[in-house]
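K.L.:
Below are the sequence and a predicted model; questions follow.
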Amino acid sequence: MKNLFLSPERIVLRSYQRELVFRAVGLIVVVTGLLQLPILFFAFTTWQNYQTLSDKKFQLAAAANELQTKLVAFKDTRQKLSQIQQWEPIIRGRLPCSAVLAAIEQTVPTDAVLEKIGIESSRYQALPVAGGTYRVPEFYTLSIQGSLKFGHAEELEAFTNELKKHLPTGSQVLRSKLLEGTESLVPFHLVYSIMPAGNYSTLGVQRIADPDRL
Amino acid sequence: MKFKALFLFAAISVSAGLLGLELKLFVDGWTVAQSLDQENKQQEIAQDHLEGEIEGLRVSKARIEALYTRLSDTMIASRGTSSLHINSTPTTPLTGDGSSFEAAGITGFTQAGLIVQPVRVPNGEMSIIYEAGTAGLEFHRLVPLLAEQENADLFLYFDKVVLSRPPNIPPFTTEPTYLETRLTIRMLTGK
């Protein structure tokens, strides 16, 4: 049947307005259009952020150049510090033998007499220095031979412990033994293992880097 | 019907394509901004570190230089022609392999009366090694001597220290006890 009241254009228009498919397409267009707003907003903020970060990058580059210029003035000091750092393990690994002997002197009981004191380094590590290497010991062995007056043999333990307190942290008693002796004297043998760890404050040694108090 | 389906499909495709493209551009831009931010943060950390280092160097300059001078003095003293006197004849200059070195540390020992003998240095080691001995020093004179030498040369190592009471000296004697002393002394040298 022919439709005499509506023009074909109108029918097409109605069809666009009312049919589900076209409504769905319209909805898609509207949603896509609406989504442009947050996308544009985030795109703008990202661009703004990028601009800020780019500006900051230039500022940081300028500041880095300035710092490099400042650093040039300290080049000599920096080299010296680097050399000190290279020497540091050598200095740290050195057991102050005089301080060990002084500690023995301070702790030895009045009823004891010493016959032999030996300090010997062992297990060397070769550290690089300008022009070659320098050996640094990883262990020291302290050996003490002496005698206690008869009747005072129990003082050995106190002496052993007292001396251990004065030795650097990590020192170990390897041997503390009374030997057979004469009627008046009881010989003893003491052996310690000392690890030179760099901290010799227990021996009363001042740090090298500390300012002189005199 | 076919047209409608095609129309719907085209609309969905165009919309999805547009949104996808926008999303990709947005993610790319965000990623670039993030990496730039990361770079800036790293640069900032590096600069803070450098700034701290410069400040540290500025504040500690005097101490660093004093310590360096103190440490390097020892090695500077190790160079040059020897005026080292060994054995019991102080006027006899040292001759031999070690004669090209003048060790400020060792003169203290010789002056204190120790007999000093140079020892072969292992290959590649930047050191001079001496064996020293005496039987003329008491404990109370020996300890300050060792302390003085250790303080004078911070690279001076006593690889071996052996102090023993002579067998002819009785224990608990009130007389001065001159210890038999044997030392192995090692010092770092410059190039």
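P.N.:
Perfect, I can see it now.
K.L.:
ok, and the helix or strand in chain B with the lowest average confidence?
P.N.:
Here the helix or strand of chain B ranked lowest by mean pLDDT, DSSP states H and E is helix B:104-111, holding a mean of 81.
K.L.:
Which secondary structure elements does it sit against?
P.N.:
Secondary structure elements in contact with helix B:104-111, counted by 3 or more C-beta pairs under 8 Å, 6 or more residues apart in numbering or on different chains; DSSP states H and E, are helix B:2-77, strand B:115-119, strand B:127-138, helix B:139-152, strand B:178-188. From N, CA and C alone the C-beta is placed, and that goes for glycine too.
K.L.:
now, of these, which is deepest in the fold?
P.N.:
Per-stretch averages of neighbours, counted by mean count of other C-beta atoms under 10 Å in any protein chain shown, single out strand B:178-188 among those, with a mean of 21.
K.L.:
Let's see the pLDDT reported for residue A:2.
P.N.:
Reading off the per-residue confidence, residue A:2 sits at a pLDDT of 58.
K.L.:
if we can go back for a sec, what angle do the least confident helix or strand of chain B and helix B:139-152 make?
P.N.:
Interaxial angle of helix B:104-111 relative to helix B:139-152 (axes from the mean of the first three to the mean of the last three C-alpha atoms, to 10 degrees): 160 degrees.
K.L.:
and helix B:104-111, C-alpha only, in CSV?
P.N.:
Coordinates of each C-alpha in helix B:104-111 appear next as CSV, following Å, rounded to 0.1, in the frame of the first residue of the first chain:
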residue,chain,number,x,y,z
ALA,B,104,112.6,8.1,58.7
GLY,B,105,111.0,5.4,60.9
ILE,B,106,114.1,3.2,61.0
THR,B,107,116.5,5.9,62.2
GLY,B,108,114.5,6.1,65.4
PHE,B,109,115.3,2.4,66.0
THR,B,110,118.9,2.7,65.2
GLN,B,111,119.3,5.8,67.3
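K.L.:
quick revisit: can you redo the helices and strands packed on helix B:104-111 as a markdown table with mean pLDDT and distance to residue A:134?
P.N.:
As requested, the helices and strands packed on helix B:104-111 are exported to a markdown table (pLDDT from 0 to 100; distance: least, C-beta to C-beta, whole Å):
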| stretch | mean pLDDT | distance to residue A:134 |
| --- | --- | --- |
| helix B:2-77 | 89 | 11 |
| strand B:115-119 | 92 | 15 |
| strand B:127-138 | 92 | 6 |
| helix B:139-152 | 91 | 16 |
| strand B:178-188 | 94 | 5 |
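K.L.:
any chance of these in a markdown table, plus distance to residue A:77?
P.N.:
Listed next are the helices and strands packed on helix B:104-111 as a markdown table, based on distance: least, C-beta to C-beta, whole Å:
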| stretch | distance to residue A:77 |
| --- | --- |
| helix B:2-77 | 5 |
| strand B:115-119 | 36 |
| strand B:127-138 | 28 |
| helix B:139-152 | 25 |
| strand B:178-188 | 22 |
